[in-house]
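Colleague: give me a 3D structure for the following:
(one chain, ligands or ions: 1)
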Amino acid sequence: MATTGLVVDRGLEGVVVGSTLLSNVEGQIGRLTYRGYDIDDLAPNATFEEVTHLLLYGHLPTAEELESLKREIGARRMIPEPLINSMQRVPKTAWPMDVLRTVTSGLALFSPVNQRGEHVSDVHSAIELIAKMPTILAAWDRIRRGLEPIEPRTDLSHAANFLYMRTGKVPSDIEEDALDTYFVLLADHSYNASTFSARVTASTRSDIYAAITAALATLEGDLHGGAASAAFNTLLEVGTKDRAETYVREVLARGERIMGMGHREYKVRDPRARHLEAMAKQLSAYRGDSRWYDIARSLEDASNKVLQEEKPGKKIYANVDFYTAPVLADLAIAGDEFTCLFACARTAGWTAHVLEQLSDNRLIRPQATYVGPAPGPFVPISDRRAQAIGA
Ligand code: COA
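Modeller: Okay, the predicted model is just below:
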């Protein structure tokens with residue numbers, strides 16, 4: 001066995017791989033800021049469009065700047081007809097994240113710049129991706145339900161237009177506000193796995209469509225954005241609030257994890273969970289049905305209690321995906337689309353990170369410590385004997 005070089009922690013835990021001006025996660029105190037603004041201030045006071053401006057342009061917009069960004073987002077919402085047609089031919093059982101990733105990648109086919117084989121990433125292609133992703137998702141939601149997609153409107157906010165494209169009805173202020181706040185809270189999160197993927201891809205001077213496709217692929221896993229959909233399955237499995245503790249004990253006894261609990265960075269409750277919990281409570285009052293909120297609330301209490309008993313000192317608390325589940329369920333969004341909603345919000349952060357990477361780019365190319373056999377002679381095929389795989 002030959003070994004060379006330095007081995008860093010598994011999963012790069014605690015390893016600083018770059019710098020960013022975009023967002024800061026302070027996991028020990030549970031604070032998240034975008035360019036110095038606390039999400040506790042942004043969530044109740046700023047819209048997703050304002051936060052998108054903050055991330056992409058470096059400052060909160062004036063009223064004129066905001067109008068101009070909203071106009072551009074509105075104008076870029078339509079997706080090319082051939083992509084809608086191709087979605088019509090996809091099996092209705094396809095997983096929504098697979099559809100979103102594939103069709104988002106397909107947007108590059110229609111970019112004149114890409115058609116020339118050039119790899120250009122600018123703020124307008126960033127806005128294009130932010131604007132179009134909800135249209136893809138809403139179209140897929142309708143197509144798989146056997147309905148015709150509804151064209152986006154240019155006069156509605158990002159959140160309201162998404163809900164409108166699903167039902168054809170302009171949502172109430174409470175529904176619009178809940179989804180808008182969700183988008184604000186999930187817009188960026190420093191060098192998480194999907195953002196890092198986007199930056200690695202961009203660092204090769206690939207383009208923004210490729211970088212965002214890579215980010216979508218990375219987000220999908222259960223240990224990252226896939227947990228949002230998995231957390232909703234948990235609410236379904238728990239079924240009623242009085243079954244929460246039994247459920248948690250059963251899951252841990254099987255050696256499995258409680259979805260929506262735990263975080264690599266936060267060692268306290270995720271600061272986004274508080275806002276989402278408040279939204280979930282508000283939405284359930286608005287709907288006159290608190291089933292999802294009640295189950296989530298008792299599941300969090302039960303998880304905190306049982307995890308402290310079973311894994312003392314591990315600091316496993318509710319993360320952003322935990323209360324995403326009741327919020328999105330109360331907005332009548334299907335559980336298997338939750339990760340896609342996460343992607344729609346995070347595209348603001350992903351694209352800003354791609355532009356930041358390219359503003360001072362160096363190829364991201366780490367090393368690995370080789371732990372395989374020492375160099376030896378080549379064995380001709382006639383001399384090889386069957387061996388166990390990996391031996
Ligand atoms: N339920 C039960 N146990 C959990 C847990 C959870 N949700 N999250 C972490 N743990 C336990 C692990 O089993 C491990 O215990 P052990 O040391 O006794 O084996 C310990 O906590 C550390 O876990 P580890 O996987 O090393 O931590 P990490 O930093 O890699 O974990 C996550 C971060 C997010 C991957 C992890 O908390 C998790 O899998 N959560 C559930 C999925 C989820 O909600 N993901 C979305 C994140 S925003």
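Colleague: can you give me the strands for this protein?
Modeller: Secondary structure of the chain by DSSP state E: the strands cover 23-26, 31-34, 37-38.
Colleague: list the neighbouring strands of the shortest one plus their orientation.
Modeller: Going back to what we said before, that points to strand 37-38. Here strand 37-38 has these sheet partners by DSSP bridges: strand 31-34 (antiparallel).
Colleague: buried residues in the partner strand?
Modeller: 32-34 (16 or more other CB atoms under 10 Å). Where you see a C-beta, it was placed from the backbone N, CA and C, and this is true even at glycine.
Colleague: contacts only, for the residue of the chain found nearest the ligand.
Modeller: The nearest approach of the chain to the ligand comes at G262, 2.2 Å away (CB to the nearest ligand atom). For G262, the contacting residues are 316-317, 319, by CB atoms under 8 Å, 6 or more residues apart in numbering.
Colleague: the residues you listed also near the ligand: which ones?
Modeller: 316, 319 (CB under 6 Å from any ligand atom).
Colleague: list just the nearest of the contacts of G262 to Y293.
Modeller: Of all the contacts of G262, N319 has the smallest distance to Y293: 17.2 Å, by CB to CB.
Colleague: count of residues packed around that closest one?
Modeller: For N319, the neighbour count with other CB atoms under 10 Å is 23.
Colleague: now A160
Modeller: Per other CB under 10 Å, the neighbour tally for A160 reads 20.
Colleague: ignoring the adjacent residues along the chain, who's closest to it?
Modeller: Nearest residue to A160 in three dimensions, chain neighbours excluded: E176, at 4.4 Å (CB to CB, 6 or more residues apart in numbering).
Colleague: what number of residues lie near that neighbour?
Modeller: 22.
Colleague: that one and L163 touch, don't they?
Modeller: Yes. Applying CB atoms under 8 Å as the test, E176 and L163 come out as touching, 6.9 Å apart.
Colleague: pull stretch 266-284 out as PDB, backbone CA atoms only.
Modeller: C-alpha atoms of stretch 266-284 as PDB (Å, rounded to 0.1, in the frame of the first residue of the first chain):
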ATOM      1  CA  TYR A 266     -25.900  24.100  12.700                       C
ATOM      2  CA  LYS A 267     -25.400  22.800  16.200                       C
ATOM      3  CA  VAL A 268     -28.600  24.600  17.400                       C
ATOM      4  CA  ARG A 269     -32.000  24.800  15.800                       C
ATOM      5  CA  ASP A 270     -31.700  25.900  12.200                       C
ATOM      6  CA  PRO A 271     -32.700  29.700  12.200                       C
ATOM      7  CA  ARG A 272     -34.900  29.100   9.100                       C
ATOM      8  CA  ALA A 273     -37.000  26.600  11.000                       C
ATOM      9  CA  ARG A 274     -38.400  29.300  13.300                       C
ATOM     10  CA  HIS A 275     -39.800  31.300  10.400                       C
ATOM     11  CA  LEU A 276     -41.100  28.300   8.600                       C
ATOM     12  CA  GLU A 277     -42.800  27.000  11.700                       C
ATOM     13  CA  ALA A 278     -44.500  30.400  12.100                       C
ATOM     14  CA  MET A 279     -45.600  30.200   8.400                       C
ATOM     15  CA  ALA A 280     -46.900  26.700   8.900                       C
ATOM     16  CA  LYS A 281     -48.900  27.800  11.900                       C
ATOM     17  CA  GLN A 282     -50.300  30.800  10.000                       C
ATOM     18  CA  LEU A 283     -51.200  28.700   7.000                       C
ATOM     19  CA  SER A 284     -53.000  26.000   9.000                       C
END
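Colleague: now that stretch: buried residues?
Modeller: Neighbour counts over stretch 266-284 (16+ other CB under 10 Å) mark 266, 269-284 as buried.
Colleague: what about it, average pLDDT?
Modeller: Averaged across stretch 266-284, pLDDT comes to 96.
Colleague: can it be found next to the ligand?
Modeller: No. Judged by CB under 6 Å from any ligand atom, stretch 266-284 makes no contact with the ligand; its nearest approach is 7.3 Å.
Colleague: so who does the closest residue to Y182 other than its chain neighbours touch?
Modeller: Leaving out its chain neighbours, the residue that sits closest to Y182 by CB to CB, 6+ apart is V327, at 5.9 Å. Listed by CB under 8 Å, 6+ apart, the contact partners of V327 are 178, 182, 276, 279-280, 283.
Colleague: quick one: which of the residues you listed sit in helices?
Modeller: 178, 182, 276, 279-280, 283 (DSSP state H).
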